[in-house]
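Colleague: generate a structure from the sequence data that follows.
(2 chains)
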Amino acid sequence: MSNRAVLSGRHFMMGNIACAEGALAAGCRFAAGYPITPATEVAERLAERLPAIGGTFLQMEDEIASMAAIIGASWAGQKTLTATSGPGISLMLENIGFAVGTETPCVIVNVMRGGPTTGIPTVELQGDVIQARRGSHGDYQIIALAPSSVQECFDYTLEAFNLAERWRTPVFVLTDAFLGHMREEVVIPEPDALRLVERKRFPAGADVETLPGFLDLDVAPMPIFGKGHKAHVTSSCHDAHGRRNVIDATALDVFAKRLNDKIETHRDEIVRVEQDLEGAEVVLVSYGSIFRCARASVEAGRAQGLKLGWLKLATLWPFADTAIAAAAGKAKHLIVLENNLGQMVHYVQAAAAGKATVSFLPPRILGEMHEMEDVLRAVKEVRA
Amino acid sequence: MSLTPYQHPLAKFIRPSARSTANCPGCGNGILAQAILQAIDELGLTLEDFVFVSGIGCSAWIPSPSFFADVLHTTHGRPIAFATGIKAAMPDKHVMVISGDGDLTAIGGNHLIHAARRNIAMTVFCVNNGIYGMTGGQVAPTTPIGANTVTTPFGNAENPFDICRLVEGAGATFVARWTTYQPRQIVKTAKKAIQKKGFAFVEVVSQCPVEFGRKTGMGNSVQMMEYYRKNSVSSAKAKGLSPEELTGKIVVGEFVDVEKPELIARMAEVRAKAMAAAGAK
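Modeller: Residues are numbered from 1 along each chain as shown, chains lettered A, B, ... in the order given. A predicted model of the protein is given here:
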């Protein structure tokens, strides 16, 4: 294996490997994980690559411990990652909430597989989209990205680190069994060409008794461990100095709202969509691997003279409601393509707010890709 | 004539904004808190040499927020898993976990045995009060058989853990147990545990007069500590006693102090090996 952190050049690469390489290029030097299909290659690659570039990979006793370990290492100043699939996320969710509440930057790759429950590990499904948004208890915001190609597995994982560092929060990369095991060309830039974001850190000599380290809407500097900042880090209700307050409802009001608003008030800086709505009466809304079906269907439909467009949710969360509302204002119909029983469609419906009709189209068989003829038939039906 | 205000010699270790304790009157946590800080002081270390990690439960509030240091107060049962990430990312710091028997051996039992197996250099203090105190006196994996608690109103039907033997069996390189009646011994043992290059585990049997004492009928703080005084048996003496003679006794002392390869050091070797292999290509 290479001792270069950034494998600049052209590669033919598996999606899970591209996620691992995106993490390394972003500066991730600590990862922890637990074996699970179809995500294991991410951990395997990091276990192989990290030691040679001075990093650490730990295979922990379970996913709960993996999530805990990457939060601990993040407080030690590292960029950290764990990768798993649905059942592993279910186990991690309490500690993901901890990372939200303590404003800990870290990245979680979820290579989604066929659920519910243990389901089918090797089948692709987009079943964990709402789980990513609301799986941990209580009200909070999360950032989640959904790549559609192996190149984007690299690009979005790197970007997930940038968002985690900028907003001091856990960030999901939601890929799936199809993308994770697919091989495509990936171009990795030279190290100098990468745009990397680093967290704001406490100034030397400051401690949390005098300088606030939490609950700032524009993100407080992080009092990294081992630098004399004497950080008190608790996920229980706390003030801007990390002082616990579990007796005062008004303190909880501030705690919950500041955490929420830190992301909510910066939606426009975080949310990304890609779209081609040129002359479209019908817009296919999709994300992740299913976007590939949507775009191919739009191209085929346009060749038949259908007025079609596409909108890809690059960020799933925060939800791109402004972009959806704008698309609904231009088009007559939105069709939401998802490989599940209908998760994002409800958010699309709410954002469209009656300005366009919204319908849902799953694949013919859950866990398979959409057939182009099914998509085009649905387009013709909504126009009729 | 003016009097010089008396300053507790360990007050320098207390977070200025931590004005009070959440622990009940008579709780054993204060005894352990003082013993740990005294050990650190006697070793000539400062709190900047440490990261403290705790879970959920009364004893998790020993370092959080009182110790004027980097403190991570984690989810229930998981402090050792968080501490593993911290230690791996900052090997030069002492990482100390302080938590309770419910946190470390029930919900967090998996992390405890695996950290012991890995022999990662960290110090774990387990305050064993034999009950879930914070939630109001429910049975724990350490509650004596037959004891009445709020979730065993007709007597506990389960056997308790011998936590020290569990951790020893899992591979810990330093294992000890004392009661809050032996604070000087705790200080001496804490100094060894902190300096141990491996997984060091110290169980401190501690009184919870409000939840354990009342519900099981063991009485108040003084009565419970009196029980510890009368029933503590040194590990040397315990070797000559039959199981019947040991019933109701608390075997105290340092049980294990051995050398084994330590995880962080081994991982540095792995890194060197990987770098050499990568450089050779």
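
Colleague: which stretch of helix or strand covers B:Ala268?
Modeller: B:Ala268 is part of helix B:263-280, with elements assigned from DSSP states H and E.

Colleague: I meant to write B:His8 there.
Modeller: Per DSSP H and E, there is no helix or strand for B:His8.

Colleague: in the chain, mark out all the helices, start to finish.
Modeller: All of this refers to chain A. A:15-26, A:40-49, A:63-75, A:86-102, A:129-134, A:150-167, A:177-181, A:249-264, A:267-270, A:290-303, A:321-330, A:344-352, A:372-383 (DSSP state H).

Colleague: I was after chain B.
Modeller: Going by DSSP H, chain B shows helices at B:29-42, B:79-89, B:101, B:109-118, B:163-170, B:183-195, B:214-216, B:221-231, B:235-238, B:243-246, B:263-280.

Colleague: weakest of those by average pLDDT?
Modeller: If the helices of chain B are sorted by mean pLDDT, helix B:214-216 sits at the bottom with a mean of 90.

Colleague: so which bits of that helix are buried?
Modeller: B:Lys215, B:Thr216 (16 or more other C-beta atoms under 10 Å in any protein chain shown). Where you see a C-beta, it was placed from the backbone N, CA and C, and this is true even at glycine.

Colleague: what is that helix packed up against?
Modeller: For helix B:214-216, there is no helix or strand it packs on, judged by 3 or more C-beta pairs under 8 Å, 6 or more residues apart in numbering or on different chains; DSSP states H and E.

Colleague: what lies in contact with that helix?
Modeller: For helix B:214-216, the surrounding residues in contact (C-beta atoms under 8 Å, 6 or more residues apart in numbering or on different chains) are B:Ile131, B:Gly137, B:Pro144, B:Ala147, B:Asn148, B:Thr149, B:Val150.

Colleague: could you find the closest non-adjacent residue to the first one?
Modeller: Just to be clear, that refers to B:Ile131. Leaving aside its sequence neighbours, B:Ile131 sits nearest to B:Phe212 (C-beta to C-beta, 6 or more residues apart in numbering or on different chains; 4.4 Å).

Colleague: need the residues of the stretch 151-300 of chain A near chain B, please.
Modeller: Residues of the stretch 151-300 of chain A found near chain B (C-beta under 8 Å from any C-beta of the partner chain) are A:209, A:223, A:225-226, A:228-236, A:241-244.

Colleague: among the residues you listed, which ones are buried?
Modeller: By 16+ other C-beta under 10 Å, those give A:209, A:223, A:225-226, A:228-235, A:241-244 as buried.

Colleague: and the furthest pair within these?
Modeller: Using C-beta to C-beta, those span at most 23.0 Å, a distance reached by A:Gly228 and A:Ser235.

Colleague: contacts only, for B:Pro79.
Modeller: Per C-beta under 8 Å, 6+ apart, neighbours of B:Pro79: B:Val53, B:Ser54, B:Gly55, B:Ala60, B:Leu72, B:Val97, B:Ser99, B:Asp103, B:Leu104, B:Gly108, B:His111.

Colleague: roughly how far does the third one sit from chain A?
Modeller: Summarising the geometry, the distance separating B:Gly55 from chain A, computed by C-beta to the nearest C-beta, to the nearest Å, is 10 Å.

Colleague: with the fifth one instead?
Modeller: B:Leu72 sits 5 Å away from chain A, taking C-beta to the nearest C-beta as the criterion.

Colleague: what's across from that residue in the sheet?
Modeller: A:Val233, B:Val53 (DSSP bridges).

Colleague: picking up where we left off before, out of the contacts of helix B:214-216, which is most surrounded?
Modeller: Of all the contacts of helix B:214-216, B:Ile131 has the most neighbours under the rule other C-beta atoms under 10 Å in any protein chain shown, reaching 28 neighbours.

Colleague: separation between that one and chain A?
Modeller: When B:Ile131 is compared with chain A (using C-beta to the nearest C-beta), they lie 21 Å apart.

Colleague: check the stretch 1-150 of chain B for the residue nearest chain A and tell me.
Modeller: B:Gly85 (3.0 Å; C-beta to the nearest C-beta).

Colleague: contacting residues around that residue?
Modeller: Here B:Gly85 is in contact with A:Phe30, A:Ala32, A:Leu58, A:Ala68, A:Ala69, A:Ile70, A:Ile71, A:Gly72, A:Ala73, A:Ser74, A:Ala76, A:Thr80 (C-beta under 8 Å, 6+ apart).

Colleague: for the helix holding B:Ala268, which helices and strands make contact with it?
Modeller: So helix B:263-280, by 3+ C-beta pairs under 8 Å, 6+ apart, packs with helix B:79-89.

Colleague: please state the offset of the helix it packs on from the chain centre?
Modeller: 16 Å (C-alpha atoms, centre = their mean, to the nearest Å).

Colleague: the inter-axis angle of it versus helix A:86-102?
Modeller: Relative orientation of helix B:79-89 versus helix A:86-102 (axes from the mean of the first three to the mean of the last three C-alpha atoms, to 10 degrees): 80 degrees.

Colleague: follow-up on the earlier one: counting neighbours, which bits of the helix holding B:Ala268 end up buried?
Modeller: For helix B:263-280, a neighbour-count test (16+ other C-beta under 10 Å) marks B:Leu263, B:Ile264, B:Met267, B:Arg271, B:Ala274, B:Ala278 as buried.

Colleague: which of those lies closest to B:Ala190?
Modeller: B:Ile264 (20.7 Å).

Colleague: quick one, what contacts that closest one?
Modeller: B:Lys87, B:Ala88, B:Pro91, B:Ile120, B:Ala121.

Colleague: nearest residue to the second one in space, please, no chain neighbours.
Modeller: Meaning B:Ala88. A:Thr56 (5.1 Å).

Colleague: how about residue 76: what's its closest non-neighbour residue?
Modeller: The chain I'm using is chain A. Going by C-beta to C-beta, 6+ apart, A:Ala76 has B:Ala89 as its nearest residue, at 3.5 Å.

Colleague: not quite, go with chain B.
Modeller: That would be B:Ile56: by C-beta to C-beta, 6+ apart, it lies 3.8 Å from B:His76.

Colleague: just give me the neighbour total for that neighbour.
Modeller: 24.

Colleague: my read: it touches B:Ala106, true?
Modeller: No: taking contacts as C-beta atoms under 8 Å, B:Ile56 lies outside contact range of B:Ala106: 11.3 Å.

Colleague: and the nearest residue to A:Leu46 once chain neighbours are set aside, how far from A:Ser148?
Modeller: Once flanking residues are discounted, A:Leu46 sits nearest to A:Ala31: 4.4 Å by C-beta to C-beta, 6+ apart. Per C-beta to C-beta, to the nearest Å, A:Ala31 is found 24 Å from A:Ser148.

Colleague: with neighbour numbers in mind, choose between the two.
Modeller: A:Ala31 (32 against 23).

Colleague: in contact with the more buried one, which residues?
Modeller: A:23, A:43, A:46, A:50, A:55-58, A:70, A:80-83.

Colleague: one more time with 10 Å, if that's ok
Modeller: A:20, A:23-24, A:42-43, A:45-47, A:49-50, A:55-59, A:66, A:69-70, A:73, A:78-83, A:107, A:109 (C-beta atoms under 10 Å, 6 or more residues apart in numbering or on different chains).

Colleague: selection in PyMOL covering whichever of those are buried, please.
Modeller: Selection of buried members from these for PyMOL, criterion 16+ other C-beta under 10 Å:
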select buried, chain A and resi 20+23+24+42+43+45+46+47+49+50+55+56+57+58+66+69+70+73+78+79+80+81+82+83+107+109
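
Colleague: what number of residues lie near the residue nearest to A:Ala76?
Modeller: With other C-beta under 10 Å as criterion, B:Ala89 counts 24.

Colleague: tell me the pLDDT at the residue nearest to the spatial centre of chain B?
Modeller: Among the residues of chain B, the one closest to the centroid is B:Phe125, at 1.5 Å (C-alpha atoms, centre = their mean). In this model, B:Phe125 is scored at 98, pLDDT.

Colleague: B:Ala88 touches B:Leu263, doesn't it?
Modeller: Yes: with contact defined as C-beta atoms under 10 Å, B:Ala88 and B:Leu263 form a contacting pair (8.0 Å).
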